[in-house]
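[1] Predicted model and sequence follow; I will ask about them next.
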Amino acid sequence: MKTKVLAVLIAVIAGHVHGYASAVTLDDYLDRVRLRHPFFAGQQLKPDIAALHRDRFLGDKDWVLKSAPFINFQEPIIANTFSPERITRLNLNARAERAYWGNGSRLALTLESIYTDQKVPGIVIPSSTGPIAIPVGTSTFFENRLVASYSYPLLQNNGGILDQTEYYLADENIDFTGIESMESQEVFLLEIGIRFVDWALVLEQMRISQERLQFEQEELEQIRQKRAANLVDEVDVLRGLNAVEVAEENLVFNRSRMRAKRAELATLARDETINTDSPELDIYAMDSIPAIDVVLKKIPGQRRIRALRVRVEQLKIEHRALESVSRAELFVGVAGGVQQGNADFVKAWSLNQPDLTLFFDFRYPLGNRTATADVEANMLELRLLEAEIGSATINLEAELRRIWIEITELENVLELNRAQVATATRKTVEEQRVYDQGRGDLTFVIQSRDEESFAEFRYAVNAATYQKLLLNYRALVDELLPPE
């Protein structure tokens, strides 16, 4: 088995890593990406944004101050002798009100001040000395009142269900957004992790190409010595030279792939030091995963299922609200205040006249078809979502079973690959021995070395595939990110 240390040393000897090359583990690289890539900064903002969207509904609990002052001038139609000829009225008012989510009640405080200026014709009495005008009232009048009112819902919105609905829906949405954000981050890290494995793979392929080139160069030197001694034909020299050229081509190709992959990973991590680093990943290392029964027990807690469960909770919140809406609106309330009116502005503020009211407010649409349809639609949506959870659970189980089987079966394939590499190596040794004794053909030696390199390449590719499957497994069971 070729180790990561050998891979790094070969890269240094070949001159592909300039200066001091430090090793980067997969977890360390993923941490760098998480800290520096803007994708993760954006994803981490999403729950904060959702939290602010939730908190905006807290404004419904705040005191609300209202004021609607107005001035009115009127020349009314004169209906009788005492009707005013003109009226000027100034109304100054302020109202403060708020909702109490705990029980759905409403409290309001109202202060109102009215100034009225009117022209009322007096009573004219004829007399021997001439008509006498008798005034029937004052032309100016001040009215002031302070009123507090409180209403309580007995049916619809009892307990403040409707007041709280939007807030609690948004609160659940924070959880959903957080889960969705984590899932997006994990998918992104999976893709990055696969690219990291490809980096380790191409470095291993470069090592194999380097070894092959070294062998071919040594073989060509021996063939030239034999040719000088007239022990082999010129065609063997050409065959050896061609083998060296092919090996050089493979090395240059793999070197370019390694540099390109390293530059890509350095860009993704926003870290130029990666361009002088090497991956500390033994692609041939085997890992153990739990038994399939243990793995499947993790499904209910996986993010995909948890996200759907949050949607279920939201539908349940909506269901409680819709059930409340389907009830009649029945409010009981009380209003009490003090008031006073007087032609004198100061005396009008004595506010010693009580005003008390007990009232009921009832509303109910006959048939109530809108609310009934909304409740039934909500129940069907709940059933649909439960079906989607069942479907997602089955799909996740299928993915886990497939990945688990591929990982375990690939371990057997890798064992066969190791045997194939060993056999190919022994075969090359024997072909070389036979050729050195003058009993074989150089073509068989080159062909055997091709088979040996191909076996090593296939072993490396399968080992990298195994590492990628492990990454896919870790992503499926939510293990690529640090614990939440």
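    Thanks, I have it.
[2] C-alpha from now on. contacts and neighbour counts both.
    Fine.
[3] ok, what's across the strand from residue 93?
    residue 112 (DSSP bridges).
[4] With adjacent residues omitted, what lies nearest to the most centrally placed residue in the chain?
    In the chain, the C-alpha nearest the mean C-alpha coordinate belongs to residue 181, at 2.1 Å (Cα atoms, centre = their mean). Of all residues not flanking residue 181 in the chain, residue 43 sits nearest, at 5.5 Å (Cα to Cα, 6 or more residues apart in numbering).
[5] Find the helix or strand that the one you found is a member of.
    Using DSSP states H and E, residue 43 maps to helix 38-55.
[6] Let me know how buried residue 483 is, in neighbour terms.
    Burial of residue 483 is recorded as 6 neighbouring residues (other Cα atoms under 10 Å).
[7] Wait, a strand at it?
    No - if the criterion is DSSP: H, G, I helix; E, B strand; the rest coil, then residue 483 is coil and not within a strand.
[8] Residue 420 is in contact with residue 455, isn't it?
    Yes - contact criterion Cα atoms under 8 Å: residue 420 and residue 455 qualify, at 6.4 Å.
[9] would you list every one of the strands in the stretch 251-400 of the chain?
    278-279, 329-342, 353-363 (DSSP state E, counting those that start in this stretch).
[10] So what are the sheet partners of the first one and their directions?
    It stands for strand 278-279. With DSSP bridges as the test, strand 278-279 is paired with strand 23-24 (parallel).
[11] Now tell me what touches the strand it pairs with from outside.
    277, 278, 279, 280 (Cα atoms under 8 Å, 6 or more residues apart in numbering).
[12] Excluding chain neighbours, what is closest to residue 345?
    Leaving out its chain neighbours, the residue that sits closest to residue 345 by Cα to Cα, 6+ apart is residue 142, at 6.0 Å.
[13] So that neighbour, which state does it fall into?
    Looking at residue 142 with three-state DSSP, the answer is strand.
[14] picking that back up, which one, of the strands of the stretch 251-400 of the chain, ends up nearest to residue 199?
    Nearest to residue 199, of all those, is strand 278-279, at 7.1 Å by Cα to Cα.
[15] list the contacts for the residue nearest to residue 345?
    Taking Cα under 8 Å, 6+ apart, one finds 113, 114, 115, 116, 341, 342, 343, 344, 345, 348 in contact with residue 142.
[16] let's see 7 Å
    Counting by Cα atoms under 7 Å, 6 or more residues apart in numbering, residue 142 makes contact with 114, 115, 116, 341, 342, 343, 344, 345, 348.
[17] Give me the buried entries from those.
    Buried members of the contacts of residue 142, counted by 16 or more other Cα atoms under 10 Å: 114, 115, 116, 341, 342, 343, 348.
[18] Between those, which sits nearest residue 318?
    residue 114 (45.1 Å).
[19] what secondary structure does the closest one sit in?
    Going by three-state DSSP: residue 114 is strand.
[20] I'd like the numbering to begin with 691 instead of 1 from here.
    Yep, numbering from 691; the last one is residue 804 now.
[21] returning to that earlier point: dig out what the residue nearest to residue 1035 forms beta bridges with.
    residue 805, residue 1032.
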